[in-house]
Each structure stands twice: as C-alpha cells, then as structure tokens.
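Novice: Sequence plus the predicted model coming up.
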Amino acid sequence: MNVLVRNAIAIVSPSGSADAPSSSSPSHPPRDLRVTNGVISQLGRDLQPAPGESVIDATDCVIYPGLVNTHHHLAQSILKAIPAGLDKPLGDWLAAVPYRYWPAIDPDIMYSAAIVGLSEQLRSGATTCCDHHYLYHGGGGQAVEEALWQAAEDLGIRLVLCRGGATTSGSHRGMRGNAVQPETLAQFVDGLERTRRRYHQGEDNAMRRLVVAPTSLIHSTTREDLQALAGYARQHALRLHSHLLEVPFDEQQARERENLSAVDYAASCDWLGSDVWFAHLVHANNEAIGRLAATGTGIAHCPTSNCRLGSGIAPVLEMAAAGMPVSLGVDGSASSENASMVQELNLAWLLHRAQGGAAATSADTLLRWASVDAARMVGLPALGEIRVGAPADIVLYALDQPRYWGLHTPEWAPILCGEPVQVRAALVNGRSVVSNGEVTGIDLPQMRARVAEASRRLLERAG
C-alpha cells in the first residue's frame, strides 16, 4: 500500500540520524511523508497525493518512528494487580504471581494475554516488541509459544521472541515452589532450532526474530548450559538476552557459588558482547559498568517495573557515559500494571533528572534510546528512524486534547507530558496497524469477553 501522510505539526526522529527531521531542523522542516511499497520514499511540505495513494491526515499530530520495546513478558498481561503480589519485592512477587499462574496458562489464555499486551504496545507507539517468553517446562510449552506468534501476526506488529526457559530450578524458589519442571539442555536447544527454522528472519527489517534468552543468567541455567546456549546463538547469528542484577541477590549468589561477581560470571560463560543485552542491571556497580561498556553489552532499562517492585533505579546515566548501549523496556504488566512505552520514556526522563539534575536527560536522548539505539541492540538496524529509505514504521500522536494546549514544544509532547497519549495512526512496513485511534483487526467487545473468560479460567485453574 502506498500512503501519503500530510500536515503534521512535526516529524521527529533522533538527532544525528541521516535526513532526520527533529526540533533542530532548518526553518522549513518537513510536515509530510510518502510511503511507497512499505518504505519512506519522500519527506517534504505540501506534498500532493499520487494516483491510487491513500492519504492520512496528520493535522494536530506529531510523527515519531515506531518505538522498540526491548523487554516484555506478554504472558503477564492478564496478571495485573494480583492482590498477593501488590506489595512484594521481586523474589516474593515472582513466587506469588508469574510462577504461581504459569502452569495454568494454555495457548488460548496466552493468545488473549498477548493480544492485550501487544495492543497496549501499539496504543503507546511501539511497533516492535521483544518478548522474553519463558513458559517452557520439561517436554512442553511449544503450543503456548505458537499463540504468541499468531497474536503478533494478527496485529501486524514486529515480534522479537526472546526464547527463555530454565535447565535447572537452582535458586529460583518460584519454580521450585510451583513444581515447574525445568527443560533439559537438549529440549531447550531443540525448541530453539524448531523456532529458528520456522520463524526467524535475518533481514535488518525482519518482522520475526529469535533471540536466545535463558530466563535468569544466575538462577536458572548452569555454566555449561550457558556456554552451550551462547555457542548455539553465535553459530546461527542470533542475539542473546537475559535478566541480570535486578536485585542484589544475583550478586550474592554469583559470589557464593562461583566466587565471581555477576558480570564476571557472565563473562566466564561467554555472555558479554555487542550481541548481548540484559534486562534491569539495577545493581551494577562502576566496575561492572566498565566491563559491560568495554564489551558493548547493552541494557533494557525498565524503570516502571523497577520502581513498582522496589528494586531500585538502574544507573543508566553512568552506563551511557561509559559507552554502554541503552534501551527501554516495559517489562511484564504484572509488575507495572501497564505496558506503555510512553510511560517508560516519561518516567526515565523524570527519574534521572531527579538524580542527576535538570540537564541529566533530554527528550531527544530518551527517543534515541527507545528507537534507533534499541533497534540496533536487538539486531534490526534498519528501524528506529524517519528517513528516506527506512521501513515505514511510524506513529502519529494526536495533540488535539486540552492537556496539550499551551505547549510550546509540541514535538516532544509524548515524552514530556506522558500518558495518556492518543495514537491516531500507526504503520508497520507501511501497513496500517492503528487507524483512527483503534488497533486494526480487533473487535473490542469480543476481545474483552475473551480476555475476561481467559482470566476466569486462569484463576480457577491456579486455585
């Protein structure tokens, strides 16, 4: 489909990008963009429709590149505000919420959860979702994974499946307490291979990607298995992802068991490098940051979840200053009660200014973390920018509500003003995924009833 998007207030892309129209653009920045065969083919002003071209009116809108969420747990999208986990820290919360309900999640429940979470992503401007999916157990879990792929296809969003799982319950008391049987290494690798052959695409603008992502680097996989998984990933040019240093317990366990820091242990398992990113890293000290930066290892910063669970605030300003790649993730909705990338952008902008002063973060920096830097981190370098030749992953944020009136820098409104936002339209590869404020392809009353039924069955099964 060929599309002309006209009359935007501003077209915003991270500064420094080729052809990037941003707040620092010349006095006559573009207000229109043309999409031809899924690619941005022209930026300009007063562009006129070509024969057969669809037109999207961007009046009162700012246009951003589609955001890239680098860490999510879509299965948690129907586990929001579970009473037993409301005021618990990470370890107790894991046992009371995700691990308690995991055995009750079947493919239909997973599909419902994924539709909820991916819809939240699209409604906040994310067009690529990296889901750290770990609902695998000894001999099972593939059918639940298939529901994820189907939900992403139905909504037209890009999906990076970070294939999690555990080969030992180790110090993961949430797994032990809920009798979840770990996979063997052979089962883990067989699952990776099955998914790689069926779904993984290697292009720089792939719609489907596979990442090797054992659930916890410290708690759910042995050193030997981690080394084998790293070898498999690099043999097939796959990225690597896991949780690390969300709480001090990771460091304690690494030192007690291995007599190494958590980051040194990761290095000993071949789990550092420019093809690796970790979620959280809240408790990374200066020495850890130095080693992570030197190897090009990145972070998925999840400020809302870290605040919600009382885990702390990741030192991303120090990480960025040291040269670490930084991106943003929403984490699971069960530990944040939402899945909005705009929420993460706004909270990160505020938190680190509270720590480091009014000049510590800028809207442009936050957009870069959530777009082009995130895309490069997950191996999709064609994404994250608005420029001629780039895939047409774009989002139109409507600024016609009273909360935006009087705003003197409308180009940064989504980041500075935060939620609620209204995405009027969004495209992925030039295909409409949000139109007139609604996610395409969803019958809302029908989907709401399906989610309610899935929630009922989930609670009934989990007791």
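Specialist: All right, it came through fine.

Novice: C-alpha only now, for contacts and for neighbours.
Specialist: OK.

Novice: gap between the residue nearest to Leu281 when sequence neighbours are not counted and Leu444?
Specialist: Once flanking residues are discounted, Leu281 sits nearest to Leu245: 4.6 Å by CA to CA, 6 or more residues apart in numbering. For Leu245, the distance to Leu444 equals 39 Å [CA to CA, to the nearest Å].

Novice: Helix, strand, or coil at the residue minimising distance to the centre of the chain?
Specialist: Note on the chain: the residue nearest the mean C-alpha position is Asn69, at 2.2 Å, using CA atoms, centre = their mean. Using DSSP: H, G, I helix; E, B strand; the rest coil, the three-state assignment for Asn69 comes out as strand.

Novice: so it bridges to which residues?
Specialist: Cys129 (DSSP bridges).

Novice: could we number from 711 for the rest of this?
Specialist: Got it, the first residue is 711 from now on, which makes the last one we talked about Asn779.

Novice: For it, list the residues it contacts.
Specialist: By CA atoms under 8 Å, 6 or more residues apart in numbering, the contact set of Asn779 is Ala836, Thr838, Cys839, Cys840, Ser1037, Leu1038, Gly1039, Val1040, Met1051, Ala1080, Ala1084.

Novice: How confident is the prediction for the fifth one, by pLDDT?
Specialist: At Ser1037, the model reports a pLDDT of 98.

Novice: Look up which helix or strand the residue nearest to Cys1127 when sequence neighbours are not counted falls in, please.
Specialist: Among residues not flanking Cys1127 along the chain, Asn1056 sits closest, at 7.2 Å (CA to CA, 6+ apart). Element membership for Asn1056 (DSSP states H and E) is helix 1051-1066.

Novice: Strands of the stretch 811-960 of the chain, start to end?
Specialist: Assignment of strands within the stretch 811-960 of the chain using DSSP state E, counting those that start in this stretch yields the ranges 836-843, 868-873, 918-922, 949-954.

Novice: helices or strands up against the shortest one?
Specialist: Read that as strand 918-922. In terms of contacts (3 or more CA pairs under 8 Å, 6 or more residues apart in numbering; DSSP states H and E), strand 918-922 is packed against strand 868-873, helix 895-908, helix 933-945, strand 949-954.

Novice: repeat that for 6 Å
Specialist: strand 868-873, strand 949-954 (3 or more CA pairs under 6 Å, 6 or more residues apart in numbering; DSSP states H and E).

Novice: what stretches of the protein score poorly on pLDDT?
Specialist: When residues are selected by pLDDT under 70, those of the chain lie in 726-737, 880-889.

Novice: Most distant residue from the centre of it?
Specialist: Furthest out from the centre of the chain (CA atoms, centre = their mean) sits Pro761, at 37.4 Å.

Novice: Against Val713, how distant is that residue?
Specialist: 11 Å.

Novice: Also Glu1148?
Specialist: Noted for Glu1148: a distance of 18 Å to Val713, by CA to CA.

Novice: who has more neighbours, the two?
Specialist: Neighbour count, other CA atoms under 10 Å: between Glu1148 and Val713, Val713 has more, with 25 against 19.

Novice: right, and the more buried one touches Glu763 too?
Specialist: Yes - if you go by CA atoms under 6 Å, Val713 and Glu763 touch, sitting 5.4 Å apart.

Novice: that older thread, could you check which of Leu955 and Leu1154 is surrounded by more residues?
Specialist: It is Leu955, of Leu955 and Leu1154, that has more neighbours when counted by other CA under 10 Å, with 24 against 11.

Novice: ok, the more buried one - contacts?
Specialist: Counting by CA atoms under 6 Å, 6 or more residues apart in numbering, Leu955 makes contact with Leu991, Val992, His993.

Novice: most neighbours, which of these?
Specialist: Neighbour tally across those (other CA under 10 Å): the maximum, 27 neighbours, falls on Leu991.

Novice: Verify the stated contact: that one with Glu956.
Specialist: Yes - contact criterion CA under 6 Å: Leu991 and Glu956 qualify, at 5.4 Å.

Novice: quick revisit: how about the helix holding Asn1056 as CSV, C-alpha atoms only?
Specialist: Extracted in CSV, the C-alpha atoms of helix 1051-1066 (Å, rounded to 0.1, in the frame of the first residue of the first chain):
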residue,chain,number,x,y,z
MET,A,1051,6.5,2.7,26.1
VAL,A,1052,5.5,6.4,26.6
GLN,A,1053,5.2,5.7,30.4
GLU,A,1054,8.8,4.4,30.3
LEU,A,1055,10.1,7.3,28.3
ASN,A,1056,8.4,9.8,30.6
LEU,A,1057,9.4,8.1,33.8
ALA,A,1058,13.1,7.7,32.7
TRP,A,1059,13.2,11.3,31.7
LEU,A,1060,12.0,12.3,35.2
LEU,A,1061,13.8,9.8,37.4
HIS,A,1062,17.3,10.6,36.2
ARG,A,1063,16.7,14.3,36.3
ALA,A,1064,15.7,13.8,39.9
GLN,A,1065,19.0,12.0,40.5
GLY,A,1066,21.4,14.0,38.2
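
Novice: got a list of contacts for that helix?
Specialist: Outside helix 1051-1066, the residues that touch it by CA under 6 Å, 6+ apart are Ser834, Ala1070, Thr1071, Ile1125, Gly1128.

Novice: and the gap between the last one and Gly835?
Specialist: Distance from Gly1128 to Gly835, counting by CA to CA: 12 Å.

Novice: which of the two has more neighbours?
Specialist: Gly835 (32 against 18).

Novice: How far off centre is stretch 768-782?
Specialist: 13 Å (CA atoms, centre = their mean, to the nearest Å).

Novice: do the same with stretch 1144-1164
Specialist: 21 Å.

Novice: Please, where are all the helices along the stretch 911-1060 of the chain?
Specialist: 933-945, 959-968, 972-978, 996-1005, 1013-1018, 1026-1032, 1051-1066 (DSSP state H, counting those that start in this stretch).

Novice: just to revisit the earlier point, among the strands of the stretch 811-960 of the chain, which is the most enclosed?
Specialist: Stretch with highest mean neighbour count among the strands of the stretch 811-960 of the chain: strand 836-843 (a mean of 27; mean count of other CA atoms under 10 Å).

Novice: Show me what that strand packs onto, helices and strands only.
Specialist: strand 777-783, strand 868-873.

Novice: So which elements touch the last one?
Specialist: This means strand 868-873. Other helices and strands packing on strand 868-873, by 3+ CA pairs under 6 Å, 6+ apart, are strand 836-843, strand 918-922.

Novice: Give me the contacts around that strand.
Specialist: 838-843, 917-923.

Novice: Taking those residues together, which two end up most distant?
Specialist: Among those, the pair separated by the greatest distance (CA to CA) is Met917 and Ala923, at 18.5 Å.

Novice: So between those two, which is more surrounded?
Specialist: Neighbours were counted for Met917 and for Ala923 using other CA under 10 Å; Ala923 has more, 29 against 21.

Novice: so who does that one touch?
Specialist: Cys872, Arg873, Gly874, Leu950, His951, Ser952.

Novice: repeat for His842
Specialist: His782, His783, Cys872.

Novice: Arg1018: neighbour count?
Specialist: Count around Arg1018 with other CA under 10 Å applied: 18.

Novice: how close does it get to Ala1024?
Specialist: Taken as CA to CA, the spacing of Arg1018 relative to Ala1024 amounts to 13 Å.
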